[in-house]
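Novice: Here you go, sequence then predicted model.
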Amino acid sequence: MKKELLIAKRKKAKELFEKGWDKKTIANYLVSSPRSITKWVNLSDKQLTEDRRGWKKGKKRKHTKKEEEEIIAIKKQLQKEESFFSGADVVQFNYEHKYKTKMSKWFVKQVLKNSNLAKRRLPKRDNRSRYMQYPIHILEKLGKRVASIDFIGPKFYANKQVANFLSYKNIRPDKKGSVHKIKGQTTGETLKILAKIWEKQPLPDVLKIDNDTSFGHVVFHKKRIGQFTIALLNLGIYPLYIAPRSPWNNGNVEGFNSVFSRSFWNRLKFKDEKELEIKIQKFNVEYEKYSELINNNPNNIKERFFDKSINLKNREVRKFKVHKIYFLRVVRRVNKKDSKQEKGFINILETKILLDKQYINLYTFSTLDLKKKNLTIEVEDKDTGKKFTIKKIKFSVKL
């Protein structure tokens with residue numbers, strides 16, 4: 001593809017995305033892959049005009065034996081330094097930085113593979129839940145800055161000492177992540193860690209979380225909202241609760257947890273708590289560098305940071321900065337299949353909401369508006385990406 005055409009496509013993709021088009025529709029319109037569209041819409045204005053496709057047409061790169069040896073040496077040096085991240089991306093970056101010349105990522109992969117220095121990864125399985133109409137496009141439009149959190153642990157080390165962790169992972173626009181040791185899986189500890197994170201990193205528009213007690217969901221007993229949810233609403237962050245028993249709904253942070261376990265916890269031994277915390281800091285620093293290396297992190301989005309003056313315990317709806325809570329739920333069956341009484345239902349805040357049986361086993365996206373005191377339940381068409389309201393009811397909660 002000519003450079004001029006590529007740049008024009010990038011600009012058009014970003015323009016259409018900002019107008020509200022979903023990525024799948026843009027990909028079909030521009031005859032491009034959804035992966036390219038995802039990359040293009042996150043580029044800064046400067047990056048839109050850059051061409052990083054490597055060598056010019058007609059110039060074939062010939063690699064030498066010496067380059068192979070240099071790549072292998074860099075890989076082994078990273079291993080010697082016990083670097084948490086030493087894949088092809090990192091080796092390529094270190095090579096280009098050291099020798100001031102471009103290097104093909106494909107060639108780096110081949111060298112590492114042929115030298116038995118690369119681990120074989122299982123291929124990703126896409127569209128596993130497409131038949132359940134998981135609301136991909138609805139979620140993509142929720143906010144420009146989205147993050148997710150999860151607990152890791154309890155884990156045991158050094159004479160059966162117990163360690164609990166909170167992982168924090170950005171979903172967009174950047175992919176930064178970090179792990180923090182906490183005293184226990186409680187609401188207070190979670191808010192304490194998040195406050196420290198958000199003093200340095202911008203507040204997200206949406207925070208994706210599971211239904212753990214500390215995150216406020218089980219505390220919703222008898223329609224009473226928990227303190228964690230209240231704190232988010234006061235900060236201007238929309239809580240998004242994933243479907244129960246569906247950790248892959250929060251795949252970004254779950255994947256990050258796997259990286260932490262594989263590259264950190266399962267590799268190292270710790271004498272005491274002090275050594276553990278020092279190595280966690282090293283892991284976080286390396287992951288931040290790794291994230292910046294493999295992702296385009298645009299910085300043209302309006303940023304908000306944690307404000308200590310905000311009363312996180314305020315329960316007056318009119319003082320909340322945002323007034324909506326989001327829920328992902330799978331419609332389950334109630335009563336016998338194919339009977340006249342067969343219905344679908346979802347459970348939100350300990351309340352069973354009946355739906356038509358045609359929605360059984362499909363994903364719904366629900367919005368609880370605290371100011372208007374109503375609940376809107378939507379589904380997404382798997383072919384067009386359009387959302388449809390299937391039920392809207394009056395719904396109030398105790399504050």
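Specialist: Thanks, I have it.

Novice: what's S148 sitting at in phi/psi?
Specialist: S148 adopts backbone torsions of phi -140, psi 150, taken as degrees, to the nearest 10.

Novice: For the helix or strand bottoming out on mean pLDDT in the chain, list the C-alpha coordinates in CSV.
Specialist: Here the helix or strand of the chain ranked lowest by mean pLDDT, DSSP states H and E is helix 45-48, holding a mean of 77. What follows is helix 45-48, C-alpha atoms only, in CSV (Å, rounded to 0.1, in the frame of the first residue of the first chain):
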residue,chain,number,x,y,z
ASP,A,45,-1.9,13.2,15.1
LYS,A,46,1.8,13.0,14.6
GLN,A,47,1.8,9.2,14.5
LEU,A,48,-0.9,9.2,11.8
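
Novice: Does anything pack onto that helix? Which helices or strands?
Specialist: helix 3-18 (3 or more C-beta pairs under 8 Å, 6 or more residues apart in numbering; DSSP states H and E). Placement of C-beta: from N, CA and C, glycine included.

Novice: I would like the residues contacting the longest helix anywhere in the chain, please.
Specialist: For the chain, the helix that runs over the most residues, judged by DSSP state H, is helix 273-294. Helix 273-294 is contacted from outside by 83-85, 89-90, 93, 157, 161, 163, 165, 174-181, 259-260, 263-264, 268, 270, 297, using C-beta atoms under 8 Å, 6 or more residues apart in numbering.

Novice: rerun at 6 Å
Specialist: F84, F85, D89, F93, K175, K176, G177, S178, V179, K181, F264, F270 (C-beta atoms under 6 Å, 6 or more residues apart in numbering).

Novice: Check which residues of it are buried.
Specialist: L276, K279, I280, F283, N284, E286, Y287, Y290, S291 (16 or more other C-beta atoms under 10 Å).

Novice: in the stretch 201-350 of the chain, which spans are helices?
Specialist: Secondary structure of the stretch 201-350 of the chain by DSSP state H, counting those that start in this stretch: the helices cover 227-235, 251-260, 273-294.

Novice: how far off helix 251-260 does the last one point, in degrees?
Specialist: Helix 273-294 runs at 120 degrees relative to helix 251-260, counting by axes from the mean of the first three to the mean of the last three C-alpha atoms, to 10 degrees.

Novice: pLDDT score for A243?
Specialist: A243 carries a pLDDT value of 87.

Novice: That should have said A158, apologies.
Specialist: Looking at A158, its pLDDT reads 74.

Novice: show me the contacts for K392.
Specialist: T376.

Novice: so where's the stretch 251-399 of the chain shaky on pLDDT?
Specialist: Within the stretch 251-399 of the chain, the stretches with pLDDT under 70 are 294-301.

Novice: can you give me the strands in it?
Specialist: 324-330, 332-334, 343-348, 351-355, 363-369, 374-380, 387-394 (DSSP state E, counting those that start in this stretch).

Novice: Quick one, which of the ones you listed gets closest to K62.
Specialist: strand 374-380 (49.5 Å; C-beta to C-beta).

Novice: What strands flank that closest one, and is each parallel or antiparallel?
Specialist: When pairing is defined by DSSP bridges, strand 374-380 lines up against strand 363-369 (antiparallel), strand 387-394 (antiparallel).

Novice: May I see the buried residues of the longest one?
Specialist: Read that as strand 387-394. I390, K391.

Novice: same deal with the shortest one?
Specialist: Judged by neighbour count using 16+ other C-beta under 10 Å, the buried positions of strand 363-369 are Y363, T364, F365, S366, T367, L368.

Novice: So for the first one, what's the nearest residue that isn't a sequence neighbour?
Specialist: Taking C-beta to C-beta, 6 or more residues apart in numbering, and ignoring the residues beside it in sequence, Y363 has Y134 as its nearest neighbour in space, at 4.8 Å.

Novice: now the fifth one
Specialist: Among residues not flanking T367 along the chain, T376 sits closest, at 4.8 Å (C-beta to C-beta, 6+ apart).

Novice: Quick check: that neighbour vs K282, distance?
Specialist: As judged by C-beta to C-beta, to the nearest Å, T376 and K282 stand 46 Å apart.

Novice: Any chance of the strands of the stretch 251-399 of the chain in TSV with distance to V111 as columns?
Specialist: Output for those, formatted as TSV (distance: least, C-beta to C-beta, whole Å):
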stretch	distance to V111
strand 324-330	43
strand 332-334	51
strand 343-348	52
strand 351-355	55
strand 363-369	43
strand 374-380	44
strand 387-394	47
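
Novice: Quick one: closest of these to E303.
Specialist: Using C-beta to C-beta, those put strand 324-330 closest to E303, at 21.4 Å.

Novice: What's the mean pLDDT across stretch 164-171?
Specialist: Mean pLDDT, taken over the full extent of stretch 164-171, equals 92.

Novice: tell me how far it is from the chain's mean position?
Specialist: 10 Å (C-alpha atoms, centre = their mean, to the nearest Å).

Novice: swap in stretch 200-213?
Specialist: With C-alpha atoms, centre = their mean, you get 10 Å for stretch 200-213.

Novice: What's the end-to-end length of that stretch?
Specialist: In stretch 200-213, first residue to last residue: 27 Å (C-alpha to C-alpha, to the nearest Å).

Novice: Could you dump the strands paired with strand 374-380 into CSV and include distance to K12?
Specialist: Compiled in CSV, the strands paired with strand 374-380 are given as follows (distance: least, C-beta to C-beta, whole Å):
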stretch, distance to K12
strand 363-369, 28
strand 387-394, 24
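
Novice: ok, V206 to I346 distance?
Specialist: 20 Å.

Novice: Quick one: buried ones out of the contacts of helix 273-294?
Specialist: The buried subset of these (16+ other C-beta under 10 Å) comprises F84, F85, F93, K175, K176, G177, S178, V179, K181, F264, F270.

Novice: So which of these belong to strands?
Specialist: The members of the buried ones among the contacts of helix 273-294 that map onto strands under DSSP state E are G177, S178, V179, K181.

Novice: Neighbours of the closest residue to the first one other than its chain neighbours, how many?
Specialist: Counting by C-beta to C-beta, 6+ apart, the nearest residue to G177 once its immediate chain neighbours are dropped is K169, at 4.0 Å. One way to gauge burial is a neighbour count; for K169, by other C-beta atoms under 10 Å, it gives 26.
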